[in-house]
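Asker: Fold the following for me, if possible:
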Amino acid sequence: MKQKTILYFCAGDWDWSGPFAANRYHIYLLARKNRVLFVNQPISLLTPILQRSKWRKYRTYGRIKDVMAGLKPPPPERFQMTVFTPIVPLLFNPRLPLPLGFKRLLNRWNNRLIARQAVRALHRCYGGDMTADLVWVGSYFYGSLVDQIPHRFSCALVYDELPQSPIFTSVQQRLVADFEAELLRRVDLVLTTSMPLYETKRQRNSHTVLLENGVPEHFLPEKRSQLDAMNVPVIPRYREMLERIRQLPGKKIGYVGSMNLRLNGRLLVKLAEAMMDTQFIFIGNLDRDFDRSALQSLRAMRNVHFYPRVQHSMIPYFFELFDCLILPFALNEFTRNIYPEKLNEYLSSGKPIVSTGLEEVKRVTRDHGGTVYVAKDGEKFVDLCRQALGEDDPTLVSARQNLARANTYERRAAILEQALDQLFVL
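Answerer: Numbering: from 1, shown residues only. Here you go, the predicted structure:
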């Protein structure tokens, strides 16, 4: 797929520190051969009042900005991407305390406004008669948006089984399920990040492809020199944080990622209590939906340390400080569909990994014994962490990194491009 124009509606925002996160990396790779208008999540008129941290984003709404001109330092390969932020009066959220019918109308109204703004931005970038070759959406509520934009083909990326999310009430779950069903009916191609999602979504759209999460090849040892060069201006900001973690006494167990409802908070409390001589480091956002009781207990422990989210390109530097990495996911209907983005990133470090019994972790590592220690229950999780800290086997380090090499986003790109090429020859 080359020289196409892609209108990409992201489930998040473009990160000006780099393209390495999952919801940006696929489109970054496509932008090396195609033109991409990257549409951030919309903001509302209330955004700067309710979220002061979003004020900078608010000031950029309606503008278009070339990514190559904004990234500091620039990436190793040139790519064609422009970022745009639309604005709506009130953001849609299934949890809004509003009547169900009004929430449906709000979503359709927002999608109409976002579509108009995106088309105008597309014309500003590439000419007044430009039609998108591909409209790509990353959020379940964009179903009514797709048909309002002139395009040749469309696709959707399904990352989670959101209709099963425990953050929603049963009524809200049905609303989310309705919006997702509408989206899957309207698009020409559905991309899913896990096997359970693939099996479920292809029942609604026969043109469904498995596109699993991966790891940027720059995280691998043989590419680290390129990563180091990209991070030269960035490392000083994190030097103090790296040094504080390095100076912590004893063994270190790390988790890098958001602390949210996907994690088993009670398991983390049990783990930290059982291993008081081990330091536990959590790096990432503390979401409001994480178990508050567990968080309170963890914060009271002297061997537990929380650090804020770090730039994605810096993650490998923190992996180097840990003796073991953990995937402490809760096990329920929602998490059954998750292929953790962190799995292959962890594997690229070569460090021992302990995970709860996620089906996708077991599937991916089934033929690679020893690469991940998978626990059946809480007691076993503690035992396996102790075992992992005592590991001294260079062959396992190589096996993990080889598995990561087989699962890079660069390799996944071939699957994606093949699926998209098939659309354009239909």
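Asker: Helices of the stretch 201-350 of the chain, start to end?
Answerer: 224-231, 235-246, 265-274, 292-299, 315-319, 341-349 (DSSP state H, counting those that start in this stretch).
Asker: what's the next secondary structure element after the last one?
Answerer: What that stands for is helix 341-349. Note on helix 341-349: by DSSP states H and E, the next helix or strand toward the C-terminus is strand 353-356.
Asker: That next one pairs with which strands, parallel or anti?
Answerer: Here strand 353-356 is paired, per DSSP bridges, with strand 324-327 (parallel), strand 373-375 (parallel).
Asker: Quick check: which of those strands is buried the most?
Answerer: strand 324-327 (a mean of 25; mean count of other C-beta atoms under 10 Å). (C-beta placed from N, C-alpha, C; glycine too.)
Asker: Just the pLDDT at the residue nearest to residue 190 when sequence neighbours are not counted, thanks.
Answerer: Spatial nearest neighbour of residue 190, excluding adjacent residues (C-beta to C-beta, 6 or more residues apart in numbering): residue 208 at 4.3 Å. pLDDT recorded at residue 208 is 97.
Asker: Might you report the residue contacts of residue 208?
Answerer: 189, 190, 191, 192, 198, 201, 202 (C-beta atoms under 8 Å, 6 or more residues apart in numbering).
Asker: want to throw these into TSV with pLDDT, neighbour count and distance to residue 241?
Answerer: Below are the contacts of residue 208 laid out as TSV (pLDDT from 0 to 100; neighbours: other C-beta atoms under 10 Å; distance: C-beta to C-beta, whole Å):
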residue	pLDDT	neighbour count	distance to residue 241
189	97	20	41
190	97	23	39
191	96	25	35
192	96	24	35
198	97	19	38
201	96	21	39
202	96	16	43
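Asker: re the thing from before, could I get the strands paired with strand 353-356 as JSON lines with distance to residue 217?
Answerer: Shown next, in JSON lines, are the strands paired with strand 353-356 (distance: least, C-beta to C-beta, whole Å):
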{"stretch": "strand 324-327", "distance to residue 217": "19"}
{"stretch": "strand 373-375", "distance to residue 217": "25"}
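Asker: and of these, who's closest to residue 381?
Answerer: Nearest to residue 381 among the strands paired with strand 353-356 is strand 373-375; the distance by C-beta to C-beta comes to 3.8 Å.
Asker: Can you give the contact residues for that closest one?
Answerer: Applying C-beta under 8 Å, 6+ apart, the set of residues contacting strand 373-375 is 352-357, 361-362, 365, 381, 383-385, 387-388.
Asker: Repeat that for stretch 176-186.
Answerer: 94, 107, 137, 140-144, 146-147, 154, 156, 158, 162-163, 165, 168, 190, 201, 204-205.
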